[in-house]
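Peer 1: Predicted model, plus sequence, below.
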Amino acid sequence: MKYYSRYCVKPGDLNPAQRLFGGQLLSWIDEEAAIFAGCQMGTPMLVTKLMSEINFVSSASCGDVVEFGFEVVGIGQTSLTVHCEVRNKQTQQLIVQVDQIVFVALDANGKPTPHDKAGMSLEQARIITQHERELREHRLAS
Ligand SMILES: CCCCCCCCCCCCCCCC(=O)SCCNC(=O)CCNC(=O)[C@H](O)C(C)(C)COP(=O)(O)OP(=O)(O)OC[C@H]1O[C@@H](n2cnc3c(N)ncnc32)[C@H](O)[C@@H]1OP(=O)(O)O
């Protein structure tokens, strides 16, 4: 699992029990996971189709830094499935786990459409993503 963005929990993110509000965390997850999936699928035109079981394992408090881990666990023709874990950056303690988040790529008419990784195995997609990353880094460095 690779960890991407980080957020610092602030007073406005808390629930009445002074813990990170679950709805706020889910909103961050949806946006971060959509960006991750959009990069994999090669399009910003995507929607969240499904979020599977969400397990709030532990809580976060004001001042904690939380970080978001994502991994592609399923590739379809128009959909891509992502597993997500959010942990406390300082303690590495797991905060929430979302088993599967399914994103669907849409065409200009809002209909499901094949994405860049359609039909690939997880291993093929991993190799291509790594290659794309290296090309991008090479471009930025030159
Ligand atoms: C260039 C790079 C830049 C990247 C930079 C990215 C930036 C990106 C920033 C975005 C940041 C904000 C992102 C916010 C994301 C929202 O907030 S989205 C808003 C909430 N979601 C919605 O409004 C979606 C509403 N639902 C729908 O519109 C329709 O259900 C959908 C999604 C179009 C699907 O329609 P449908 O009739 O079910 O379509 P169907 O052809 O049957 O299925 C399509 C695919 O979904 C799968 N599917 C359908 N139902 C299910 C199910 N229950 N379970 C699992 N899979 C299912 C199917 O298997 C199929 O997959 P494939 O087999 O083709 O792979």
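Peer 2: Yes, it's here. Numbers count the residues shown, from 1 in each chain.
Peer 1: residue contacts, the residue of the chain found nearest the ligand?
Peer 2: Per CB to the nearest ligand atom, residue 76 is where the chain lies closest to the ligand, at 1.9 Å. From N, CA and C alone the C-beta is placed, and that goes for glycine too. Contacts for residue 76 (CB atoms under 8 Å, 6 or more residues apart in numbering) come out as residue 118.
Peer 1: Just give the nearest non-adjacent residue to residue 68, would you?
Peer 2: Leaving aside its sequence neighbours, residue 68 sits nearest to residue 32 (CB to CB, 6 or more residues apart in numbering; 4.7 Å).
Peer 1: And the one you found, how far from residue 104?
Peer 2: Distance check for residue 32 against residue 104: by CB to CB, to the nearest Å, it reads 18 Å.
Peer 1: repeat for residue 26
Peer 2: Applying CB to CB to residue 26 and residue 104 gives a distance of 19 Å.
Peer 1: and the two? which has more neighbours close in?
Peer 2: residue 104 (21 against 16; other CB atoms under 10 Å).
Peer 1: Could you look up the SS state of the most centrally placed residue in the chain?
Peer 2: By CA atoms, centre = their mean, the chain has its centre lying nearest to residue 33, at 2.2 Å. With DSSP: H, G, I helix; E, B strand; the rest coil as the basis, residue 33 sits in helix.
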